[in-house]
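S.K.: make a model of this:
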Amino acid sequence: MSEALSESSRYLATLDRDHRRATGVVYTPDAIVELVLDQEFGTDGAPEGPVLDPACGAGVFPTAVVARIASRLEDQGVQITETQGRRRFLADVERFVWALDVDPGAVEVTLREVRALIERLTPGPMSADFLAGNIVAGDFLQDGLFPLGKAYRHVVGNPPYVPVDRIEASDRATYRKLFTSAVGRTDLYYLFMEQSARVLQEGGTWTLITPDKFLSNRTGQALRTFLRDSGAIRTLSRFTSHSVFRDAATVPCITTWVKGGEQAAADQHRIELGPDRTPNVTTEARVPRAAFQDSTWTFHSTKAGSLLSAITADHPRLVDHALRISAGPATGYNPAFIVDAKIAAGLDEELVHPTVRGRDIGRFGIEESGAFMVVPYVWGADGQARLVDLDAYPRTRRWLAKHRRNLKERHSVRRWGKCWWDLHDPITLPLHETEKLLVPDVARQNRFAVDPGRFVPQHSAYYLIPRALDADVLAAVLNSAPVELVMRSTAPLVKDGFSRYRRQYLLELPVPTPSAELAIQIGIAARGETPELAAELAATLFNVDAGDVRLALDHITR
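M.R.: Numbering: from 1, shown residues only. Next up, the predicted model:
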């Protein structure tokens, strides 16, 4: 899963994008490889025992390990270009360097790359089968617990990132039986982390670069519990950008885990990419042991952690103030269901409603998108939603019939048996006439806005229906700087520094209840020409220093 400068990069370039997405092949820049190895072995260090790359791709990690073995010997005064030194070098390489990949072509490239590096470092004869038993084709997850018949001192690499919906059904069933972490919307890299833990010697470590979602999302709970019960996180380095890999828009982290022993305080680093994409690493905090006992692992400096504790302490959560929090309905095929004003005018008006995307939602305001959503539902006197009989709506039927072939190909129709004109997601509320708050599912800052009952949000937005607190007051609290700090500190980062505003993180946002007098002041400001004043007034409910909050937010968003 790696990028090198010669044959390996050419080999990976031959794999088409769909193949790389399906198998999780990700190019790893050389500088990032060195960061992983520095975190595993120490800066410019070398292995103390057998090293396995369980998804070696075209061989960047094994070749980098070979180079480090050579450097250590040279630092010890061993001349690896001389007979005795060369013999020792080759023996160390054969003892320490192990690699595996499901792609036999990638394994061949890795072997050639490693042997070519050795030849450059210390010219001379090598047997034709040198390292042939160390670098092999095989499935790390399914070919037995120890695919190469060893327990390892180190595991390093960049495992494949493949979400559960791209994993073959038969493999999914196997993984559910084999792995504690194979639950919910799992990902192959979860399983690689668990399997890497299993193949280590007691006291051994793995350092893997993966997406950082496993630290906080619900699906990662089983993995986090496994890692906590089986060993300890030693170091965690988090990137601030998604632009690390060529074909993967994900924000990664580098994690080092040690097998056995109890969790102690761990080092947290921050990695920023410079203009030339050179990584700059700074030590951000010592993560206390207690942080790993929480259901989610959200790590902060001591000062930031204290500030967040003060903001969240003893306050009701958004779940206590909302009747419902949900993503806008997914249609499964937008060309049929999302239409412009001209097309909407030709359809049955009771089935067509104004719609907005996440990008149309601002702080305290919503911009008209000019688009409409076809919602093939009506609501009876009992308030129940009913899918319409299209024969009763001939203009809408004619329009949807133009897209019938594509609509019938949707998963919801083929697998779930839905009618071909139904939306992909179930819809129960007449959202076009329901007061609600809207928020984009991805944003750089909190952008909550009140919709008095006009729009149907698309799937790129979330809606929440207030329980008792005035909607404008609730929007002001949610747009306040303290709540934004909580959201930006807990929700996972996605590309370009945006945060993912998913339901599980929205539910836990703190929402103190203002006094009646303050609620009136906040509401007047929110509905008038000074909505940001409303957010400032709402911020006073948290009894924290506004300057401290702003500094913490600047640190996150810089």
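S.K.: in the protein, which residue is most central in space?
M.R.: Lys213 (3.8 Å; C-alpha atoms, centre = their mean).
S.K.: quick one, what contacts that residue?
M.R.: 187, 219-220, 492 (C-beta atoms under 8 Å, 6 or more residues apart in numbering). No exception for glycine: its C-beta is placed from N, CA and C like everyone else's.
S.K.: do the same with Ala539
M.R.: Ala539 neighbours (C-beta under 8 Å, 6+ apart): 480-482, 546, 549.
S.K.: and these, which two are furthest apart?
M.R.: Ser480 and Ala546 (9.9 Å; C-beta to C-beta).
S.K.: quickly list what's touching both of these two.
M.R.: Residues touching both Ser480 and Ala546 (C-beta under 8 Å, 6+ apart) are 536, 539.
S.K.: those two: who's more crowded?
M.R.: Ranked by neighbour count (other C-beta atoms under 10 Å), Ser480 and Ala546 place Ser480 first, with 29 against 14.
S.K.: list the contacts for the closest residue to Glu536 other than its chain neighbours?
M.R.: Using C-beta to C-beta, 6 or more residues apart in numbering and skipping residues adjacent in sequence, the residue nearest Glu536 is Ser480, 7.5 Å away. By C-beta under 8 Å, 6+ apart, Ser480 lies in contact with 446, 535-536, 538-539, 541-542.
S.K.: same check on Asp53?
M.R.: Here Asp53 is in contact with 61-62, 65, 98-100, 155-157 (C-beta under 8 Å, 6+ apart).
S.K.: confidence score at it?
M.R.: At Asp53 the predicted local confidence, pLDDT, stands at 96.
S.K.: for the closest residue to Gly260 other than its chain neighbours, which three-state class applies?
M.R.: Distances taken as C-beta to C-beta, 6+ apart put Glu202 closest to Gly260, at 4.8 Å, once the chain neighbours are dropped. Following DSSP: H, G, I helix; E, B strand; the rest coil, Glu202 is assigned to strand.
S.K.: separation between Glu202 and Asp294?
M.R.: Here Glu202 is placed at a distance of 26 Å from Asp294 (C-beta to C-beta, to the nearest Å).
S.K.: and of the contacts of Ala539, the nearest to Val450?
M.R.: Checking the contacts of Ala539 against Val450 by C-beta to C-beta gives Ser480 as the nearest, at 15.0 Å.
S.K.: could you pull out the helices for the stretch 451-558 of the chain?
M.R.: 471-478, 481-490, 503-506, 516-527, 531-539, 546-557 (DSSP state H, counting those that start in this stretch).
S.K.: out of those, deepest packed?
M.R.: helix 471-478 (a mean of 27; mean count of other C-beta atoms under 10 Å).
S.K.: which residues touch that one?
M.R.: Contacts of helix 471-478 (C-beta under 8 Å, 6+ apart): 318, 321, 364, 435-437, 439, 446, 448-450, 452, 466, 483, 509, 511-512, 514, 519, 522-523, 525-527, 531, 534-535, 537-538, 541.
S.K.: try 7 Å
M.R.: For helix 471-478, contacts defined as C-beta atoms under 7 Å, 6 or more residues apart in numbering pick out 321, 364, 435, 437, 446, 448-450, 466, 483, 509, 511, 514, 519, 522-523, 526-527, 534-535, 537-538, 541.
S.K.: now could you export just the CA positions of it as PDB?
M.R.: Extracted C-alpha coordinates of helix 471-478, given in PDB (Å, rounded to 0.1, in the frame of the first residue of the first chain):
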ATOM      1  CA  ALA A 471     -35.900  27.200  18.200                       C
ATOM      2  CA  ASP A 472     -34.100  30.500  17.900                       C
ATOM      3  CA  VAL A 473     -32.700  30.300  21.400                       C
ATOM      4  CA  LEU A 474     -31.500  26.700  20.700                       C
ATOM      5  CA  ALA A 475     -29.800  27.900  17.500                       C
ATOM      6  CA  ALA A 476     -28.000  30.600  19.400                       C
ATOM      7  CA  VAL A 477     -26.700  28.100  22.000                       C
ATOM      8  CA  LEU A 478     -25.600  25.700  19.300                       C
END
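S.K.: what residue ranges in the chain score low on pLDDT?
M.R.: 1-27, 144-147, 241-249, 299-304, 495-497, 556-558 (pLDDT under 70).
S.K.: in it, which helix has the most residues?
M.R.: Identified as the longest helix of the chain according to DSSP state H is helix 104-121.
S.K.: wait, isn't Ile338 in contact with Ser369?
M.R.: No - counting by C-beta atoms under 7 Å, Ile338 sits too far from Ser369 to count as a contact (9.2 Å).
S.K.: what residues are shared contacts of the two?
M.R.: With C-beta under 7 Å, 6+ apart as the test, Ile338 and Ser369 both reach Thr355.
S.K.: coming back round to it: tell me the spacing between the residue nearest to Glu536 and Arg488.
M.R.: 13 Å.
S.K.: check Leu464 too.
M.R.: 18 Å.
S.K.: show the contacting residues for Trp206.
M.R.: 155-156, 196-197, 200, 257.
S.K.: so which bits of the helix or strand it falls within are buried?
M.R.: Secondary structure assigned from DSSP states H and E places Trp206 in strand 200-211. The neighbour-count criterion (16 or more other C-beta atoms under 10 Å) identifies 200, 204-211 as the buried residues of strand 200-211.
S.K.: rewinding a little: so can I have JSON lines of the helices of the stretch 451-558 of the chain showing distance to Gln142?
M.R.: Compiled in JSON lines, the helices of the stretch 451-558 of the chain are given as follows (distance: least, C-beta to C-beta, whole Å):
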{"stretch": "helix 471-478", "distance to Gln142": "46"}
{"stretch": "helix 481-490", "distance to Gln142": "35"}
{"stretch": "helix 503-506", "distance to Gln142": "31"}
{"stretch": "helix 516-527", "distance to Gln142": "56"}
{"stretch": "helix 531-539", "distance to Gln142": "53"}
{"stretch": "helix 546-557", "distance to Gln142": "40"}
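S.K.: nearest to Gln458, of these?
M.R.: helix 503-506 (15.7 Å).
S.K.: packing partners for that closest one?
M.R.: strand 322-327 (3 or more C-beta pairs under 7 Å, 6 or more residues apart in numbering; DSSP states H and E).
S.K.: switch the cut-off to 8 Å
M.R.: Identification of packing neighbours for helix 503-506 by 3 or more C-beta pairs under 8 Å, 6 or more residues apart in numbering; DSSP states H and E yields strand 322-327, strand 461-466, helix 481-490.
S.K.: what residues does that helix touch?
M.R.: Contacts with helix 503-506, where a contact means C-beta under 8 Å, 6+ apart, come from 217-218, 318, 325-327, 439, 462, 464, 487, 490-491.
S.K.: output it in CSV, but only the C-alpha positions, please.
M.R.: Output of helix 503-506 as CSV, limited to C-alpha atoms (Å, rounded to 0.1, in the frame of the first residue of the first chain):
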residue,chain,number,x,y,z
ARG,A,503,-25.8,12.5,14.8
GLN,A,504,-23.7,10.7,17.5
TYR,A,505,-21.7,13.9,18.1
LEU,A,506,-24.7,16.2,17.9
